[in-house]
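Chemist: Show me the folded form of this:
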Amino acid sequence: MDLNLDTLKREILDYLESRELAVFRSTPGTLEDPQMVLWDSEHHPDYRMFLDTAIKTGVKMILFATREFEAGDIDDLLAQIEEVGMDRDQQRDYQNRLRKLRIYEGVTCSLELAFHHSSNLYVYELQPDWYEEFLVAEDEIASAMAEGDLDEGDSLGGYYSKN
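Modeler: All right, here's what the predicted structure looks like:
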């Protein structure tokens, strides 16, 4: 679903304050824990359900992180497309898809809430559809680059050891 995370971000912070929860502003994308448990935000998107669960377990501090979509995100991928050596049609397709995303520069593209309880990190994460599309393109381009690196790395350049 296409969400306006900028509006939701303010709403969540107000909700956290009304529940007297401490907010620890973490860095987005850094939540990694072997005991991480992800909330099913697709089927249960209401952040209040997640936070109420935290409150019922006695949690007093919530990790809160957001990320804004930056022009550099698109520029980096456009530069990678040039390096990959895709055919012209494929390059144009990616370039067009990425340029259409420029309208989202400065918009919140990721929102994360988390809390620790009983050695687990419970995480609620939301991303709008347009950002999911960007991540898919990013993965596809990275895969194409990796394949190109493997093709170049497999060759010994005609030299081999006689030892």
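
Chemist: The helix or strand of the chain with the lowest mean pLDDT: which residues count as buried?
Modeler: Least confident helix or strand, the chain: helix 129-154 with a mean of 83, by mean pLDDT, DSSP states H and E. Buried residues in helix 129-154, counted by 16 or more other CB atoms under 10 Å: 130-131, 134, 137-138, 141, 144. Bear in mind the C-beta positions are built from the backbone N, C-alpha and C, glycine included.

Chemist: Relative to the whole chain's centre, how far out is it?
Modeler: 15 Å (CA atoms, centre = their mean, to the nearest Å).

Chemist: Check which helices and strands that helix sits against.
Modeler: When contacts are defined as 3 or more CB pairs under 8 Å, 6 or more residues apart in numbering; DSSP states H and E, helix 129-154 packs onto helix 71-84, helix 88-100, strand 108-117.

Chemist: repeat that with 6 Å
Modeler: When contacts are defined as 3 or more CB pairs under 6 Å, 6 or more residues apart in numbering; DSSP states H and E, helix 129-154 packs onto helix 71-84.

Chemist: Output the helix it packs on as CSV, nothing but the C-alphas.
Modeler: What follows is helix 71-84, C-alpha atoms only, in CSV (Å, rounded to 0.1, in the frame of the first residue of the first chain):
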residue,chain,number,x,y,z
ALA,A,71,18.5,12.0,-4.6
GLY,A,72,21.8,10.1,-4.0
ASP,A,73,19.9,6.8,-3.8
ILE,A,74,18.8,7.2,-7.4
ASP,A,75,22.0,8.7,-8.6
ASP,A,76,24.0,5.8,-7.2
LEU,A,77,21.8,3.3,-9.0
LEU,A,78,21.9,5.3,-12.3
ALA,A,79,25.7,5.2,-12.1
GLN,A,80,25.7,1.4,-11.5
ILE,A,81,23.5,0.9,-14.5
GLU,A,82,26.2,2.5,-16.7
GLU,A,83,28.8,0.1,-15.2
VAL,A,84,26.9,-3.1,-15.6
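
Chemist: Distance from the chain centre to stretch 30-42, please.
Modeler: Worked out by CA atoms, centre = their mean, stretch 30-42 lies 13 Å from the chain centre.

Chemist: about what we covered before: return the member of the buried residues of helix 129-154 nearest to residue 34.
Modeler: residue 138 (25.0 Å; CB to CB).

Chemist: returning to that earlier point: quick one: the least confident helix or strand of the chain to helix 88-100, angle?
Modeler: 140 degrees (axes from the mean of the first three to the mean of the last three CA atoms, to 10 degrees).
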